[in-house]
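In: fold the following.
(chains A and B)
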Number of protein chains: 2
Amino acid sequence: MDNMPPTSVMNFLNEVSGSFPSAISLASGRPSDRFFDRLDPQALLNALVVYERYSAGDHGGGQVHSQLLQYGRTAGLISELVAQQVRSDEGVAARTDRVLITSGCQEALAVCLPALCPEPSDVILVCNPTYVGATGAAKAGRVAVAALPNSGPCVAEAIERAVLQLRRNGRRARAVYLIPDFDNPTGRVLDSAARRNVLQVCARHRVIILEDNPYRLFRYEGDAIPPMAALDEVGSVIYLSTFSKTLTPSLRVGAAILPETIFGDAGACRVLWEDLVQRKSFVTLNTSQITQAIVAGLLIEQGVSLRGWIRPALDWYRANRDLMLSQLDCVFSPFSDQIRWNRPSGGFFLTLDLPFRFSAESMNECARDDNVIVMPMSFFALDDSQDYRIRLAFSAVTPEQIRTSVTGLGRYVARRLGRELPSLVGGLREG
Amino acid sequence: MDNMPPTSVMNFLNEVSGSFPSAISLASGRPSDRFFDRLDPQALLNALVVYERYSAGDHGGGQVHSQLLQYGRTAGLISELVAQQVRSDEGVAARTDRVLITSGCQEALAVCLPALCPEPSDVILVCNPTYVGATGAAKAGRVAVAALPNSGPCVAEAIERAVLQLRRNGRRARAVYLIPDFDNPTGRVLDSAARRNVLQVCARHRVIILEDNPYRLFRYEGDAIPPMAALDEVGSVIYLSTFSKTLTPSLRVGAAILPETIFGDAGACRVLWEDLVQRKSFVTLNTSQITQAIVAGLLIEQGVSLRGWIRPALDWYRANRDLMLSQLDCVFSPFSDQIRWNRPSGGFFLTLDLPFRFSAESMNECARDDNVIVMPMSFFALDDSQDYRIRLAFSAVTPEQIRTSVTGLGRYVARRLGRELPSLVGGLREG
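Out: Numbering: from 1, shown residues only, chains lettered A, B, ... in the order given. The predicted model follows:
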């Protein structure tokens, strides 16, 4: 990550895509476009009007619209509806007066990280690999980042080790950034026990948990695990919410949701809230009231739950994941001894472990020679521990593209290993 | 400012307004709502569709819309149209590939200030008083701020003095933040000579000029003075543009426009551009493509110039300014020896100098006893030099409100001075 920050990742990705336009991309974790037809211009207008009627009450919608067009409340206009949706869809007891609406979840990170780390000796803990937007926000905010050791048996122990190690060096771990459900980039899920252990360790060391949860509603099987914010009993979790994966990334509406207290201290929570609101005003004044109103209107139309809305996408992503897993089984069966991958129960990504280093140059060769673009996991890493892995995204591709691209990836891998792959011919025909 | 940051100002203002709902506010510098009817929901939809047709070209608008709903280019979607509008309305030779679209001009400040001040010893120069959003962005970005001395005969000399003073202390002035046209909060305009002098001094000391220009199109008389970015011949001006005053603040679309080179160095400009784009991605990923498309559609409908669009508002603001000035003349004629104010040739604000300290408490008393809310200039100051001044905004009030509120202010001032004001009775009847 340090040598491959977000825009560099994106620039490199764009360069590769531009150089090999016919290559299929398994690199992009964007939501599928195919469900956007429910958000055509007229639908966006309707949502705006629905929200204006809803909030007009006695006085006319015209007055509400005129207020919408003005500068607005820094903390946002739709905190109550977002709190309701998070309570209903996520089971997080969100208090309306602790929901800070942000210009996408990225701004929530950009505002929270510096606020949580006022001292130069303060540090944010992150998994390694982790989402580049988190380390990027830390960099922009001049906040130090430390990677959790991957050696430990579990995240909680890794956090404890990092906290103590930093303390020995006169540093203080103030917060840990986690995506407990279907992590980006790994696809990993923290089970209930792991979440409770992390909560215990963080409470003991007064480490705030920044729980980022963009993929949680996209679970393809098994019982949902409560978010850490729902399991939190002491006031240690700031819950980050976004509509980029459920509705559309184009409205740039997200939220940072504070607990009732910070480690039992309601006053400390109020102070943090006011600091976050002030920082938000310094960064973007307030989030567009037009896009906030559109999000609110869509929420109202959906009964303030997005479970029904995302169903078609959920089924599509599940089928894509299943197809990618079966295609991986088929293509890589000859390498079962050397190549492994996880079977994520949700989200957009999975991790493939390779017996060789997969660099930016490898990404380029694979795109050029085998028409498939995959993301080196090293792009998300803080060290060289991820050099033998890649991230595969199955959210924004068609079934045929999955068949063709995984087959192409197999061809690339076979060549790197100097092996023959008869089965791939079948794979190719399938594609 | 240090003890009264933006949200505190806003919170205090909201408290006072909330405590005295019948008081008329001359404190808010927002655009007037009365021209927002041209931006009703249907008009916003039309603008979106106009942009989609415009950029659809050969392929269908549906595809464009689907792309709009996705994650977008970090630097923005509508740089070319914004560059055209700035060239046509401001005379600034904006290069499309140097226009960074931001989530309102505030984000441009939040992104530029830390980028221009990489070292802890780097400093941003600001006028005193100045716009709280600039000092706020510096605070959020952990960037040091130094006030320009008000003693100097002109801004250029004040900049030179500050640069040398800082240098003696081992600090480096990297940039100066200026609103050369109808400054917020003072209403001051820098004349042509002053601008050229500032450009010379800044070129000599390699100080970047951040030219913020939200009010420039709102000139009520006299010839427009070219923006500093238009006078810049060496590559020293970053031009900040916004649609919050011309169209509506609710779309949150602004821009930072870089020169062709930084002090003659094209490579340095490219490096700065890439740094700004990266920081932008860390703060909000990209600006909402929906609100960008609405701005673009409105620009297209207006022939990519907003001069015609703002005409009704311009006339309204001019009449408000004229009425406020004549009412000030009428109400404060008995105090002509003790009270002075400037006669701004544009913008939303004027400055009133008082013979006594006007504090937050004074603001409260004036609202409570005389039904008028005015902004202590100290809210915008970095020291106590502004304690005897207030800022009066005439943009968001009606003629009757101007008459009544200035009369009320006169009553408050008379009481503070222990004087009688017979003329005010007439003033009151007028109101």
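
In: all contacts plus neighbour counts: C-alpha atoms, from now on.
Out: Fine.

In: contacts for the helix or strand A:Ala115 falls within, please.
Out: Applying DSSP states H and E as the criterion places A:Ala115 in helix A:104-116. Here helix A:104-116 makes contact (Cα atoms under 8 Å, 6 or more residues apart in numbering or on different chains) with A:102, A:124, A:133-134, A:137-138, A:140-143, A:174-175, A:240-244, A:249, A:251-256, A:272, A:275-276, A:279-280, A:283, B:282-285.

In: report the central residue of chain A.
Out: With distances taken as Cα atoms, centre = their mean, the residue of chain A nearest its centroid is A:Pro214 (4.7 Å).

In: helix, strand, or coil at the closest residue to chain B within the stretch 301-431 of chain A?
Out: Of all residues in the stretch 301-431 of chain A, A:Ala396 sits closest to chain B, at 10.9 Å by Cα to the nearest Cα. Secondary structure, DSSP: H, G, I helix; E, B strand; the rest coil: A:Ala396 is coil.

In: what values do phi and psi take at the nearest residue to it once chain neighbours are set aside?
Out: Leaving aside its sequence neighbours, A:Ala396 sits nearest to A:Ser32 (Cα to Cα, 6 or more residues apart in numbering or on different chains; 4.5 Å). Phi and psi for A:Ser32, reported as degrees, to the nearest 10, are phi -70, psi 140.

In: swap in A:Asp369?
Out: Dihedral angles for A:Asp369 - degrees, to the nearest 10 - are phi -90, psi -30.

In: A:Thr351 too?
Out: phi -110, psi 130.

In: quick check: bridge partners of it?
Out: A:Arg391 (DSSP bridges).

In: any idea how far it lies from A:Pro180?
Out: 16 Å (Cα to Cα, to the nearest Å).

In: ok, stretch A:303-312 near chain B or not?
Out: No. Residues of stretch A:303-312 are not located near chain B by Cα under 8 Å from any Cα of the partner chain, the shortest gap being 15.6 Å.

In: now do that stretch: everything it contacts.
Out: A:Phe35, A:Leu81, A:Gln84, A:Gln85, A:Ser88, A:Asp89, A:Leu217, A:Thr246, A:Leu247, A:Leu299, A:Gln302.

In: could you verify that the second one is part of a strand?
Out: No. For A:Leu81, which was evaluated using three-state DSSP, the result is helix, with no strand membership.

In: got the contact list for it?
Out: Counted by Cα under 8 Å, 6+ apart, A:Leu81 has contacts A:Ala296, A:Leu299, A:Ile300, A:Val304.

In: for stretch A:295-312, list the C-alpha coordinates in PDB.
Out: Provided in PDB are the C-alpha atoms of stretch A:295-312 (Å, rounded to 0.1, in the frame of the first residue of the first chain):
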ATOM      1  CA  VAL A 295     -31.500   8.400  -0.700                       C
ATOM      2  CA  ALA A 296     -34.200   9.300   1.800                       C
ATOM      3  CA  GLY A 297     -36.900   9.000  -0.800                       C
ATOM      4  CA  LEU A 298     -35.700   5.600  -1.900                       C
ATOM      5  CA  LEU A 299     -35.600   4.500   1.700                       C
ATOM      6  CA  ILE A 300     -39.100   5.700   2.300                       C
ATOM      7  CA  GLU A 301     -40.300   3.900  -0.900                       C
ATOM      8  CA  GLN A 302     -38.700   0.700   0.400                       C
ATOM      9  CA  GLY A 303     -40.200   0.900   3.900                       C
ATOM     10  CA  VAL A 304     -36.900   2.000   5.300                       C
ATOM     11  CA  SER A 305     -35.300  -1.400   4.600                       C
ATOM     12  CA  LEU A 306     -33.100  -2.200   1.700                       C
ATOM     13  CA  ARG A 307     -33.300  -6.000   2.000                       C
ATOM     14  CA  GLY A 308     -36.100  -6.200  -0.600                       C
ATOM     15  CA  TRP A 309     -34.300  -3.700  -2.900                       C
ATOM     16  CA  ILE A 310     -31.000  -5.600  -3.000                       C
ATOM     17  CA  ARG A 311     -32.600  -9.100  -3.500                       C
ATOM     18  CA  PRO A 312     -32.100  -9.300  -7.300                       C
END
